[in-house]
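*Asks:* Quick one: sequence plus predicted model below, questions after.
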Amino acid sequence: MRSVPTLLDIEGLAAWYGEAQILFDLSFTVGRGEAVALVGRNGAGKSTTMKALMGLVRRRARRMAFAGRDIAALPTHEVARLGIGYVPEDRRIFTDLTVAENLDLGRRPGAASLWTDAAIFELFPHLAGLRARAGGSMSGGEQQMLAVARSLVGNPELLILDEPSEGVAPIIVEQMIGALLRLKASGMSFLISEQNSLLCEAICNRAYVMEQGEMRWQGGIDALPAGSDSVGLFTKLK
Ligand SMILES: Nc1ncnc2c1ncn2[C@@H]1O[C@H](COP(=O)(O)OP(=O)(O)OP(=O)(O)O)[C@@H](O)[C@H]1O
């Protein structure tokens, strides 16, 4: 596999909820322009890993570098400002606000964004027709598109997506894959927690498999058995 410059470089990451340690000595990287999958059973620690990167849970690491900058002690908004966009599992869109208003809220005051509304609607044509709709009246898949779109307007270099296809209709998963592939072709990097092997295999170059807060396996996405879900996949890999 051709090696790419490292964008996200994590070594020895541990994280806690209160006194309970959830992550143990995780090391992983995401290269520039690369898409990396985090897979594992429910409760393995994928979401917590993402929250730890964003400074949303107590964490400690030997190294936590993004684009050469130490992010270990940064608060969430500073991590985001450096260029990491995060879409949590529950999407966190504003249900009372319209699509256009949700996008506006993703913009950083005073910072120009490459992602004008026109660019967003070109990437997600489906959202264009919904721009005046309230977020809460849209389907799960439409809300997921909006959540990804809203994180884009912050101009990220790395997108962290927690289960982007969960609760999303297959037709919208296909549209999402198309949009993510276009983003990847334009140089975007990704860390994706995903149970849907279709999306993983379409987008990701490499995968890390987690169990009980530890990394158990890593390798090229081609080494993952086709068509299996992450539970079956994990059993085969062990
Ligand atoms: N807010 C919390 N407080 C305490 N423990 C938590 C909290 N959130 C998650 N956990 C625990 O941390 C562990 C890892 O959970 P996490 O959500 O990171 O797993 P996951 O791999 O993302 O699984 P899922 O796909 O179900 O979200 C689990 O044992 C879970 O019960």
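*Replies:* Thanks, I have it.

*Asks:* From here on, just use CA atoms for contacts and neighbour counts.
*Replies:* Fine.

*Asks:* I'd like the distance from whichever helix in the chain runs longest to the chain centre, please.
*Replies:* Longest helix in the chain by number of residues (criterion: DSSP state H): helix 170-185. Distance of helix 170-185 from its chain centroid, counting by CA atoms, centre = their mean, to the nearest Å, is 13 Å.

*Asks:* Quick one: mean pLDDT over whichever helix or strand comes after that helix.
*Replies:* Beyond helix 170-185 on the C-terminal side, the first helix or strand identified by DSSP states H and E is strand 189-193. Confidence over strand 189-193, taken as the mean pLDDT, stands at 97.

*Asks:* cool, and stretch 146-153?
*Replies:* Regarding stretch 146-153, the rounded mean pLDDT is 94.

*Asks:* From the rest of the structure, what touches that stretch?
*Replies:* Surrounding stretch 146-153, the residues in contact under the criterion CA atoms under 8 Å, 6 or more residues apart in numbering are 85-87, 91-93, 99, 102-103, 105-107, 113-116, 120, 127, 159.

*Asks:* Residue 184: neighbouring residues, count only.
*Replies:* As a burial measure, the neighbour count of residue 184 was computed by other CA atoms under 10 Å and equals 17.

*Asks:* which non-adjacent residue is nearest it?
*Replies:* With CA to CA, 6 or more residues apart in numbering as the measure, residue 33 is the residue that lies nearest to residue 184, at 6.4 Å, once sequence neighbours are left out.

*Asks:* which residues sit in contact with that neighbour?
*Replies:* Residues in contact with residue 33, defined by CA under 8 Å, 6+ apart, are 4, 184, 185, 187, 188, 189, 190.

*Asks:* Same check on residue 199?
*Replies:* Residues counted as contacts of residue 199 (CA under 8 Å, 6+ apart) are 165, 173, 177.

*Asks:* what helix or strand is it on?
*Replies:* Secondary-structure assignment from DSSP H and E places residue 199 in helix 197-203.

*Asks:* do residue 100 as well
*Replies:* With secondary structure defined by DSSP H and E, residue 100 is part of helix 99-106.

*Asks:* one step back: buried among the contacts of residue 33? Make that a ChimeraX selection.
*Replies:* Buried subset of these, written as a ChimeraX selection, criterion 16 or more other CA atoms under 10 Å:
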select :184,188,189,190
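
*Asks:* Kindly indicate which of the contacts of residue 33 lies nearest residue 67.
*Replies:* Ranked by distance to residue 67 (CA to CA), these are led by residue 189 at 11.6 Å.

*Asks:* got the residues of the chain near the ligand?
*Replies:* Within reach of the ligand by CA under 6 Å from any ligand atom, the chain has these residues: 17, 22, 41, 42, 43, 44, 45, 46, 47, 48.

*Asks:* hmm, try it at 5 Å
*Replies:* 42, 43, 44, 45, 46, 47, 48 (CA under 5 Å from any ligand atom).

*Asks:* ok now do the second one, which residues does it touch?
*Replies:* When you say that, I think you mean residue 43. Contacts of residue 43 by CA under 8 Å, 6+ apart are residue 212.

*Asks:* quick one: pLDDT of it?
*Replies:* What the model reports for residue 43 is a pLDDT of 92.

*Asks:* quick one on the thing from earlier: after the helix holding residue 100 comes which helix or strand?
*Replies:* The element immediately downstream of helix 99-106 (helix or strand, assigned by DSSP H and E) is helix 117-123.

*Asks:* So which bits of that next one are buried?
*Replies:* Per 16+ other CA under 10 Å, helix 117-123 contains these buried residues: 117, 120, 121, 123.

*Asks:* Could you report the distance from the closest residue to the third one other than its chain neighbours to residue 98?
*Replies:* The reference is to residue 121. Counting by CA to CA, 6+ apart, residue 128 is the residue found nearest to residue 121 once chain neighbours are left out, at 5.1 Å. Computed as CA to CA, to the nearest Å, the residue 128 to residue 98 distance reads 12 Å.
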